[in-house]
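Student: Provide a 3D model corresponding to the input given below.
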Amino acid sequence: MDGTYIYNTWESFQNGEERGFTFFFKSWYPSLCQFANHLIKDRAESESLVSEAFFSVWKHRQKLANPTELKRYCYTAIRNSCIQWLQQKQKREALHQEWTFASQPTEDHILNAMIHTELMESLHQQIESLPPQCSKILAKLYIDGLSVNEIAVELNLSVSTIKTQKKIGLNYLKKSFQANLFISFLVFFMRCSLI
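Tutor: All right, here's what the predicted structure looks like:
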C-alpha cells in the first residue's frame with residue numbers, strides 16, 4: 001500500500017476522523033480477534049474485548065507516534081483485557097478458590113499467540129490477493145477449517161475443482177512467501193493443528 005496513503009490515514013486517525021479509525025479497525029480487527037481468542041478460547045467474548053480495547057486505544061491516540069506503536073498498544077490492551085477476563089471467569093467458576101499464577105497465560109503463551117496472529121494476518125493478506133474463487137476456497141480450507149467436501153457442497157462445485165483451486169493457491173502462496181518463512185509457517189500451522 002502507498003506510503004502516502006498510510007501517512008494520510010494515520011494523520012486522519014490521530015485527528016479523530018472516522019476514516020482513520022475505520023481503516024485501522026477494519027484492517028486489524030480479524031487478526032486481533034484471533035489473538036484474543038487464542039488466549040481466552042471464547043470467540044464472541046474475544047470480539048467484544050477487541051472492540052472495547054480498540055475504543056480505549058482510540059481515546060489515547062494522541063500519545064501514539066505511528067501505526068506500529070498503535071498495533072503494539074492494541075496488543076497490550078487486549079492482553080490485559082484477556083487476563084482480566086480470565087481472572088473474572090476463574091472467580092465466577094471457582095467462587096472461593098484462590099486465583100493462581102499458573103492459570104494466567106504465560107508470557108511465552110502470549111508471545112506464541114502474537115506470532116500465530118501475525119502469521120495468520122500475513123496468510124489472510126496473501127489469500128486475499130489470489131483470484132476470487134481460489135481466494136474463497138483457500139480461506140474456507142485454512143481459515144474456516146472446512147473440508148474439501150464441505151466446500152464443494154457449500155459452493156456447489158465439484159471436489160476436483162476444489163482440489164485444483166487448492167493446488168493453484170498453495171503454489172502461489174509458496175512463491176509469495178520467502179522459502180524460510182513459508183516452511184516456518186507450515187511447521188507452525190501443522191504443530192498448532194496437532195494440539
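Student: and the nearest residue to residue 86 once chain neighbours are set aside, how far from residue 33?
Tutor: Leaving aside its sequence neighbours, residue 86 sits nearest to residue 40 (Cβ to Cβ, 6 or more residues apart in numbering; 6.0 Å). C-beta: built from backbone N, CA, C; applies to glycine. As judged by Cβ to Cβ, to the nearest Å, residue 40 and residue 33 stand 11 Å apart.
Student: common neighbours of these two, please.
Tutor: Common contact partners of residue 40 and residue 33 (Cβ atoms under 8 Å, 6 or more residues apart in numbering): residue 46.
Student: and the residue nearest in space to the middle of the chain, how far from residue 65?
Tutor: Closest residue to the average C-alpha location of the chain: residue 31 at 1.6 Å, with Cα atoms, centre = their mean. Distance, residue 31 to residue 65, by Cβ to Cβ: 21 Å.
Student: equivalent analysis for residue 176, please.
Tutor: Counting by Cβ to Cβ, the gap from residue 176 to residue 65 is 30 Å.
Student: okay, now the unreliable bits of the chain?
Tutor: 1-4, 93-106, 177-195 (pLDDT under 70).
Student: quick check: longest helix of it.
Tutor: helix 67-94 (DSSP state H).
Student: who are the packing partners of the following helix or strand past that helix?
Tutor: For helix 67-94, the succeeding helix or strand toward the C-terminus, using DSSP states H and E, is helix 107-128. Other helices and strands packing on helix 107-128, by 3 or more Cβ pairs under 8 Å, 6 or more residues apart in numbering; DSSP states H and E, are helix 18-40, helix 132-142, helix 159-176, helix 179-194.
Student: quick one: neighbours of residue 114, just the number.
Tutor: A total of 18 residues lie near residue 114 under the criterion other Cβ atoms under 10 Å.
Student: got it, and residue 19?
Tutor: Neighbours of residue 19 (other Cβ under 10 Å): 11.
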